[in-house]
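Peer 1: Using only what follows, build the 3D model:
(one chain, ligands or ions: 1)
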Amino acid sequence: MNSPSRRTFLSGAAGLFAGAAAYNLMGYPSENPIDKSSTEYVPEGNRILLKGGCVLSLDPAVGDFESADVLIEGSKITAIGKNIEAGSAAVIEASNMIIMPGFVDTHRHMWQGAMRNILPNGTLGDYMNNILGEVRAVIRPEDVYIGDLVSALGAINAGITTVLDWSHIGNSPAHTDAAIGGLKESGIRGVFAFGGGASGPENKFPEDIRRLRKEYFASNDRLLTLALAAGINKEQWELAREVGARITVHVNGTGQLLPFADALGPDVTCIHCTRLLKEEWQLLADTGAGVSIASPVEMIMGHGIPPIQHALDHGIMPSMSVDVETNIAAEFFTQMRSLFTLQRMIVHQRKRENDGDSSGLMTVQDILKFASIQGARDNGLEEKTGSLTPGKEADLILLRKDMINVMPVNNAYGAVVLMMDTSNVDTVFISGKIKKWKGELTGIDFNRINRAVHESRDYIVSKTGWNEILFGKTIG
Ligand SMILES: [Zn+2]
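Peer 2: You can find the predicted model right below:
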């Protein structure tokens, strides 16, 4: 229900919200004007004008505006500027909002959605044994489906409009199909990165990527695109390139990339990179490969020091990733603050030790680029998303400025990076469709999903035996 204290108005919604909004005397909708039972709120061809918001476009050619309008037509952003004349477009009053591109996550193991927060004190070793060992051995396709679905919906709820699903749960084609099904149902913009899983006769990694390309990804023009969640393995990389899939790879060791000078390229994203040699950093810089840093996970679980300073020293803009929800909050405010805090600590400490200057301090503007446009680049989607640019897909979020945790907003970038949290994520558009509205996910059957994810969790912990030892539903 909308409360009268909310300064968000709708008007001119010709057809779009027809018949749903009965306005009361205060001029506020008396009930949520969106039919939550439908996922098709914004049919193709509809036009929506976001009016008078503080716009952070993340596109230098567009710039930022203290107050401007954004016009969405069908799935695309078509105009950004002051006082856009949009005729009969539906108008969303956004004067109390920051409008910016949705966040982009470049690596998350979404099949683990039912295992959220089960290893709060766990290390990388615990994760390998408990999740990649025990859980992966017993997990069913329906667990993968619901894991992917809750993970994706959690992402949307937090303003993440694009996520790369690093799906190393290819135990069988049925597991793989279930992951794609969960992603697809959520309506998120996703890169499905097909990965290996528990070994067995049904595990068709990596060859099954040929089937996936034909069956689900015949066109790159859809909400979901294809990648290979590969090892550091030249044959796998060749196969990915053969089917036109990007390559995403964990690089946790030292020296592993040295033989890959000829294989690295801008279609490869290297994850973690906490222990690379100087020569390997130079290789990444020279070849244009991407770097995805999962800083909270790396610090908490023991991968090593997140390599933000190495990346910056080599002129590489990193993207960011949640990685595992078994340990980490599935949103980007934590990501941004972790990396910002760490980088500035490193530079300040360098200054103290060397009596040098503190140049090189990262800014809140830098970190928001990593969280949006750089993520889009590392997911191979720069042409489609990652900034508010006319012609790009309308993947954008409206963040509330009129809340007790941020008001008064005196610096928009600072508010987003350092002050806000998921409670500020009011509205989320993906490909022009409203996926979150006035703080609520739209078009989902919450009770069904809630039931299914609990049943899945109960099944998994009964199989691993953790139901005997769980305390507060965690094993860590
Ligand atoms: Zn990972």
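Peer 1: Would you map out the domains in this structure?
Peer 2: The chain breaks down into these structural domains: 10-101+388-444, 103-378 (assignment by automatic domain parsing).
Peer 1: number of nearby residues for residue 356?
Peer 2: 11 (other CB atoms under 10 Å). Yep, even glycine has a C-beta here, placed from its N, CA and C like the rest.
Peer 1: the helices in the stretch 51-200 of the chain, which residues?
Peer 2: 124-127, 136-138, 141-157, 173-186 (DSSP state H, counting those that start in this stretch).
Peer 1: Could you say which of the domains of the chain is packed most deeply?
Peer 2: Looking across the domains of the chain with neighbours counted as mean count of other CB atoms under 10 Å, the highest average goes to domain 103-378: a mean of 21.
Peer 1: ok so, going back, tabulate the helices of the stretch 51-200 of the chain in CSV, adding columns for mean pLDDT and distance to residue 65.
Peer 2: Listed next are the helices of the stretch 51-200 of the chain as CSV, based on pLDDT from 0 to 100; distance: least, CB to CB, whole Å:
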stretch, mean pLDDT, distance to residue 65
helix 124-127, 94, 43
helix 136-138, 97, 48
helix 141-157, 98, 25
helix 173-186, 98, 31
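Peer 1: which stretch among those comes nearest residue 319?
Peer 2: With CB to CB as the measure, helix 141-157 is the member of the helices of the stretch 51-200 of the chain nearest residue 319 (14.5 Å).
Peer 1: which other helices and strands contact that closest one?
Peer 2: For helix 141-157, the helices and strands in contact under the criterion 3 or more CB pairs under 8 Å, 6 or more residues apart in numbering; DSSP states H and E are strand 103-108, strand 160-167, helix 173-186, strand 425-430, strand 433-437, strand 440-441, helix 446-464.
Peer 1: Just tell me which of the ones you listed ends up closest to residue 340.
Peer 2: Distance to residue 340, taken as CB to CB, is lowest for strand 103-108 among the helices and strands packed on helix 141-157, at 14.3 Å.
Peer 1: Export the closest one to CSV, keeping only CA atoms.
Peer 2: This file holds the C-alpha atoms of strand 103-108, laid out as CSV (Å, rounded to 0.1, in the frame of the first residue of the first chain):
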residue,chain,number,x,y,z
PHE,A,103,24.1,-2.3,-11.2
VAL,A,104,25.9,-5.1,-13.1
ASP,A,105,27.2,-8.2,-11.4
THR,A,106,29.9,-10.0,-13.4
HIS,A,107,30.1,-13.3,-11.4
ARG,A,108,27.6,-15.1,-9.2
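Peer 1: Pull the residues that contact it.
Peer 2: 151, 155, 158-166, 248, 269, 271, 290, 292, 294, 319-325, 330, 332, 371-376, 378-379, 381, 385-386, 397 (CB atoms under 8 Å, 6 or more residues apart in numbering).
Peer 1: close enough to count as contact, residue 255 and residue 232?
Peer 2: No - Residue 255 is not in contact with residue 232 according to CB atoms under 8 Å; the separation is 10.6 Å.
Peer 1: Distance of the closest residue in space to residue 188 that isn't next to it in sequence relative to residue 392?
Peer 2: Nearest in space to residue 188, with sequence neighbours left out and distances taken as CB to CB, 6 or more residues apart in numbering, is residue 152 at 4.5 Å. Computed with CB to CB, to the nearest Å, the distance linking residue 152 and residue 392 is 21 Å.
Peer 1: circling back to that earlier point, can you pick out the ones from the contacts of strand 103-108 that are in helices?
Peer 2: Judged by DSSP state H, the subset of those located in helices is 151, 155, 332, 371, 373-376, 378.
Peer 1: could you measure the most centrally placed residue in the chain against residue 54, distance?
Peer 2: In the chain, the centroid-proximal residue (CA atoms, centre = their mean) is residue 105; its distance is 3.2 Å. Counting by CB to CB, the gap from residue 105 to residue 54 is 24 Å.
Peer 1: Could you do residue 436 as well?
Peer 2: From residue 436 over to residue 54 (counting by CB to CB), the distance is 19 Å.
Peer 1: before we move on, back to that, any chance of the helices and strands packed on helix 141-157 in a markdown table, with distance to residue 298 too?
Peer 2: Below are these laid out as a markdown table (distance: least, CB to CB, whole Å):
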| stretch | distance to residue 298 |
| --- | --- |
| strand 103-108 | 12 |
| strand 160-167 | 15 |
| helix 173-186 | 24 |
| strand 425-430 | 25 |
| strand 433-437 | 29 |
| strand 440-441 | 30 |
| helix 446-464 | 26 |
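Peer 1: Is it correct that residue 247 is in contact with residue 228?
Peer 2: Yes - counting by CB under 8 Å, residue 228 is a contact partner of residue 247 at 5.6 Å.
Peer 1: what do the two both touch?
Peer 2: Jointly contacting residue 247 and residue 228 under the rule CB under 8 Å, 6+ apart are 236-237, 240.
Peer 1: tell me the contacts of the residue nearest to residue 188?
Peer 2: Contact criterion CB under 8 Å, 6+ apart gives 110, 163, 165, 182-183, 186, 188, 190 as the residues in contact with residue 152.
Peer 1: Try it again at 7 Å.
Peer 2: Residues near residue 152 by CB atoms under 7 Å, 6 or more residues apart in numbering: 110, 163, 182-183, 186, 188, 190.
Peer 1: Out of the domains of the chain, the one nearest residue 460 is which?
Peer 2: Ranking the domains of the chain by distance to residue 460, with CB to CB as the measure, places domain 103-378 first at 5.8 Å.
Peer 1: contacting residues around stretch 346-358?
Peer 2: Contacts to stretch 346-358, defined as CB under 7 Å, 6+ apart, come from residues 309, 360-361.
Peer 1: Repeat the analysis, applying 8 Å as the threshold.
Peer 2: 308-309, 359-362.
Peer 1: Restricted to helices, list these.
Peer 2: Residues from these lying in helices, with DSSP H as the criterion: 308-309.
Peer 1: and the two most separated of the contacts of stretch 346-358?
Peer 2: Across the contacts of stretch 346-358, no pair lies farther apart than 308 and 359, at 15.6 Å, counting by CB to CB.
Peer 1: do you know how far residue 354 is from residue 345?
Peer 2: When CB to CB is applied, the distance between residue 354 and residue 345 equals 15 Å.
Peer 1: picking that back up, so which of the shared contacts of residue 247 and residue 228 are in helices?
Peer 2: 236-237, 240.
Peer 1: JSON lines please, covering these and showing pLDDT and distance to residue 78.
Peer 2: Putting these into JSON lines (pLDDT from 0 to 100; distance: CB to CB, whole Å) gives the following:
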{"residue": "236", "pLDDT": "98", "distance to residue 78": "40"}
{"residue": "237", "pLDDT": "98", "distance to residue 78": "38"}
{"residue": "240", "pLDDT": "98", "distance to residue 78": "34"}
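Peer 1: ok, of the residues you listed, which one's closest to residue 48?
Peer 2: Among those, residue 240 lies closest to residue 48 (CB to CB), at 37.3 Å.
Peer 1: quick one on the thing from earlier: tell me which of the domains of the chain lies nearest to residue 454.
Peer 2: Residue 454 lies closest to domain 103-378 among the domains of the chain, at 8.2 Å (CB to CB).
Peer 1: Quick check, pLDDT for residue 419.
Peer 2: What the model reports as pLDDT for residue 419 is 98.
Peer 1: try residue 467
Peer 2: Among the per-residue scores, residue 467 holds a pLDDT of 77.
Peer 1: Confirm it sits in a helix?
Peer 2: Yes - in this structure, residue 467 lies within a helix as judged by DSSP: H, G, I helix; E, B strand; the rest coil.
Peer 1: If anything else comes up later, I'll come back, but that's it for now.
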